[in-house]
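S.K.: sharing a model that was predicted from the sequence below.
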Amino acid sequence: MTAIKRPNLVRKHPVALVCSLLCVGLALAIYFRKDAQVQALAELDDKISQGNHLKENVDNANSLNKADRLDEQYAVLTQVIQSIEARLVHADQLAINLQYFYKLESETQTKLTNLSQTGVVVSGKNTGKTSYVRVGYAIGVQGTYPQLLDFVRRVENGDHFSRVVGMVLSSAGDDESAPKNTGTISLNLNLELLGLP
């Protein structure tokens with residue numbers, strides 16, 4: 001083409017020339033922007049998941065953030081603490097603590113041969129006024145096997161939190177106070193009750 005024919009081509013087909021240049025420009029833009037599109041889609045997915053997470057947090061906060069909900073939770077916790085503290089023994093109230101075992105004796109129709117509070121066991125770091133301690137007891141009891149089993153079950157499931165440290169079950173035939181040939185056996189029990197000092 002000569003210089004004279006070029007202007008004629010531009011003048012004869014201006015729309016086609018503009019469309020051709022536009023197509024080439026768009027093809028180059030698509031080629032260079034293809035990587036940016038993948039990154040933009042990944043960023044969009046990330047923003048959508050973050051938005052859904054924030055929406056769930058806001059919905060949960062609206063249902064849990066009410067003052068009466070906190071008051072209800074506080075009331076439940078207070079009741080639980082009171083029920084736990086009602087089941088604790090006080091190490092300095094020896095008569096009341098021993099009365100618990102005398103009550104079990106009468107309920108199970110056994111005979112207590114030995115009952116003593118062995119002391120307070122402090123475990124771990126007990127600082128503050130709400131620290132719990134273990135109050136130890138040494139118990140000797142006689143009765144039939146079902147009666148002794150009932151006694152142990154009542155101690156384990158009784159009014160106080162308890163832990164059996166050790167027990168010895170033996171024949172009561174060696175004891176002169178025990179009736180002969182009645183199936184009476186002796187149980188020596190070491191246990192701890194959860195309490196306050």
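M.R.: Yes, it's here. Residues are numbered from 1 along each chain as shown.

S.K.: give me the distance between the two termini of stretch 119-131.
M.R.: 16 Å (Cα to Cα, to the nearest Å).

S.K.: how close does the residue most central in space within the chain sit to Leu70?
M.R.: Nearest residue to the geometric centre of the chain (Cα atoms, centre = their mean): Leu77, 13.8 Å. Using Cβ to Cβ, to the nearest Å, Leu77 is found at 11 Å from Leu70. Using the backbone N, CA and C atoms, a C-beta is placed for each residue, glycine as well.

S.K.: doesn't Met167 lie inside a strand?
M.R.: Yes: judged by DSSP: H, G, I helix; E, B strand; the rest coil, Met167 forms part of a strand.

S.K.: apart from its chain neighbours, what residue comes closest to it?
M.R.: The shortest distance from Met167 to any non-neighbouring residue, by Cβ to Cβ, 6 or more residues apart in numbering, is to Leu189 (4.8 Å).

S.K.: what helix or strand is that neighbour on?
M.R.: Taking DSSP states H and E as the definition, Leu189 sits inside strand 185-196.

S.K.: can you list the strands that that strand pairs with?
M.R.: Applying DSSP bridges to the sheet, strand 185-196 is found paired with strand 89-90 (parallel), strand 133-143 (antiparallel), strand 162-171 (antiparallel).
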